[in-house]
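J.: take this sequence and fold it.
(chains A and B)
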There are 2 protein chains.
Amino acid sequence: MSSRRAGEDALIQELLRNAPRGSRLIAGPGDDCAVIGRPRDPVWSLMKTECLVEGVHFRSDDAPRLIGRKLLARALSDFAAMGGGEPRHALVTLAAPPDCTMDRLRGIYSGLGSFARRYGVGIVGGETSRTVAGFFLSVSVIGEIEAKRCVFRSGAKSGDAVFVTGRLGGSIKGRHLRFEPRLEEARWLTARFKLGAMMDLSDGLGSDLPRLTGASRVGYRIDSAMLPRATGASPEQAWADGEDYELLFTISRRQVANLMTQWRRAFPRLNLTRIGEIVRDRGTREGGFPISGYDHFAER
Amino acid sequence: MSSRRAGEDALIQELLRNAPRGSRLIAGPGDDCAVIGRPRDPVWSLMKTECLVEGVHFRSDDAPRLIGRKLLARALSDFAAMGGGEPRHALVTLAAPPDCTMDRLRGIYSGLGSFARRYGVGIVGGETSRTVAGFFLSVSVIGEIEAKRCVFRSGAKSGDAVFVTGRLGGSIKGRHLRFEPRLEEARWLTARFKLGAMMDLSDGLGSDLPRLTGASRVGYRIDSAMLPRATGASPEQAWADGEDYELLFTISRRQVANLMTQWRRAFPRLNLTRIGEIVRDRGTREGGFPISGYDHFAER
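T.: Here you go, the predicted model:
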């Protein structure tokens, strides 16, 4: 794993290594959301922050409404990844350069507000600031999840089957601004099946799968011919492209047949693809393609 | 009120006007923290987000440890302002330009982590991103407060005395990087007295007092000769300078003598100054000095 995001992932881990964790932390940095509660509580709290930077996560000419929508959708995708949590309240921060128009700001908040309403999320506060240069957006969402359906990255077991929802690759052509967080699908899954590990695909299967197997201390074998590809995407792109916002999860082999049957009935229009298996040896990372990329922070 | 921050304040209010509020919101945008709960719950949840932008809230040559410290201290000052809430968990987002060194990043997180540990706050997650230009930090803190000690901006009553803690003005010379959030003082106050309204002074008394009286639908009369001034600060600076992070609160007149006596015993080294009174007529804004400033967003 040598992508830019892999470097940022290692960076945040290093920077937070010596930070205090506080009390009642069930999962912290390194999972999709922070999970807070006591082990025996029936319901746990979830917290997630996401940011968008102009020129990195969106372009200046992207529709403002879609930028606001994407900001919240990214965070809700992490609520899906924990097993289908319930997002409740959000804080929004916006730092805009001097040449930003009121119309653009209104568009961003309008897109964000509509999306929040659709998912029952209250926007309960926020900050604005000017910047000397650059446009920056951040959202923090709190909510909850029933403890029994919470799925961590660390729960994959040797022999589990590996699944992804949807089709991968080429999201940058537009899907990254319009994707639907897989909350409904995640809730459906955790209501019916015992999953091993789960996460959302934000940085590309080739970066995220090693992250999941790393957290679970296992390895993987992928059949790259099986990767479900978005229209026009090559197998390499399905493996390496980021921003799919699909679910990646593992499940014991004995549940596979039942899962596939029930899934087709519940979500006839959404792919669910078995792409490989979890193996015991951590060093085993078979299938997939080499990932190259510029690591923003790594060389410093 | 025509300061830059007044414009940003109006901006966030406008942008959030049509956003959904979600369920169980006791106080939302416009108070120091979002307050979430049911009216009869004994304990409410608090949420707050704060951001720091390079060139706006800190300079490139400020010590990294103090930048990280300031980020969290600003949010904790808002927890103080609600009546002395208990901050519990925080998420940190950092977006840094390509020329940012690892040493600087480590310094920022180290300052933030030490301060978090001192206040019992767990850093439970975060994001990093590169930016094309500019350095941006954001923190979101969740915690709680006993409902009976929660103080809103909207509770000032005609006849209340108006108080500030500490000394005002000239914070930019260095205090803005080293201030202590008034959590202990706020908890002491709300354990012993029934306050009218309270907020922290982040944008200067001249901007923040009208905000408090506006939320309470009352007016004020200030004796500007009474303003407690930091060493070297003029009365005008004590009125207009931002980033004091002191407490501004109102309390009924009959509690004043008792408050002053007990305060001197509890906090012999910290000023508590009665600077004026609340009046019924909303249009009355006497004392103070004219405030002029460039409003970043207002003309667009």
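
J.: what's near enough to touch the spatially most central residue of chain A?
T.: When CA atoms, centre = their mean is applied to chain A, the residue found nearest the centroid is residue A:200 (3.3 Å). Residues in contact with residue A:200 (CB atoms under 8 Å, 6 or more residues apart in numbering or on different chains) are A:32, A:77-78, A:80-81, A:181-182, A:208, A:245-248. In this view, the C-beta of every residue, glycine as well, is placed from N, C-alpha and C.

J.: in JSON lines: these, plus distance to residue A:88.
T.: Shown next, in JSON lines, are these (distance: CB to CB, whole Å):
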{"residue": "A:32", "distance to residue A:88": "17"}
{"residue": "A:77", "distance to residue A:88": "16"}
{"residue": "A:78", "distance to residue A:88": "14"}
{"residue": "A:80", "distance to residue A:88": "15"}
{"residue": "A:81", "distance to residue A:88": "17"}
{"residue": "A:181", "distance to residue A:88": "15"}
{"residue": "A:182", "distance to residue A:88": "18"}
{"residue": "A:208", "distance to residue A:88": "26"}
{"residue": "A:245", "distance to residue A:88": "21"}
{"residue": "A:246", "distance to residue A:88": "24"}
{"residue": "A:247", "distance to residue A:88": "21"}
{"residue": "A:248", "distance to residue A:88": "25"}
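
J.: name the nearest of these relative to residue A:153.
T.: Nearest to residue A:153 among the contacts of residue A:200 is residue A:32, at 7.2 Å by CB to CB.

J.: what's around that closest one, how many residues?
T.: Each residue near residue A:32 was counted by other CB atoms under 10 Å in any protein chain shown, and the total is 25.

J.: can you pull the contacts of it?
T.: If you count contacts by CB under 8 Å, 6+ apart, residue A:32 has them with A:48, A:78-79, A:81-82, A:153, A:199-200.

J.: look up how far residue B:231 lies from it.
T.: Counting by CB to CB, to the nearest Å, the gap from residue A:32 to residue B:231 is 49 Å.

J.: right, and residue A:223 touches residue A:273 too?
T.: No. Assessed by CB atoms under 8 Å, residue A:223 is found out of contact with residue A:273, at 10.1 Å.

J.: looking only at neighbour counts, state which of those two leads.
T.: residue A:273 (18 against 14).

J.: is that one bridged to anything, and to what?
T.: Assessed by DSSP bridges, residue A:273 has beta-bridge partners residue A:164.

J.: what pLDDT does the model give it?
T.: pLDDT recorded at residue A:273 is 98.

J.: turn the contacts of residue A:200 into a markdown table, columns for secondary structure and pLDDT.
T.: Rendered in a markdown table, the data for the contacts of residue A:200 read as follows (DSSP: H, G, I helix; E, B strand; the rest coil; pLDDT from 0 to 100):
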| residue | secondary structure | pLDDT |
| --- | --- | --- |
| A:32 | coil | 94 |
| A:77 | helix | 98 |
| A:78 | helix | 98 |
| A:80 | helix | 98 |
| A:81 | helix | 98 |
| A:181 | coil | 98 |
| A:182 | coil | 98 |
| A:208 | helix | 95 |
| A:245 | coil | 97 |
| A:246 | coil | 98 |
| A:247 | strand | 98 |
| A:248 | strand | 98 |
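
J.: quick one: contacts for residue A:202?
T.: A:5, A:74, A:77, A:208, A:242-245 are the contacts of residue A:202 under CB under 8 Å, 6+ apart.

J.: tell me, how many residues neighbour residue A:110?
T.: Residue A:110, neighbours per other CB under 10 Å, totals 17.

J.: equivalent analysis for residue A:232, please.
T.: Residues near residue A:232, counting by other CB under 10 Å, number 9.

J.: for it, give me its contacts.
T.: Residue A:232 makes contact with A:170, A:173 under the criterion CB under 8 Å, 6+ apart.

J.: for stretch A:180-187, could you pull out the residues that count as buried?
T.: Going by neighbour count (16 or more other CB atoms under 10 Å in any protein chain shown), the buried part of stretch A:180-187 is A:180-183, A:185-187.

J.: was I right to think residue A:63 contacts residue A:108?
T.: No. Using CB under 8 Å, residue A:63 makes no contact with residue A:108, being 9.6 Å away.

J.: those two: who's more crowded?
T.: A direct count of neighbours by other CB under 10 Å for residue A:63 and residue A:108 places residue A:108 higher, at 28 against 14.
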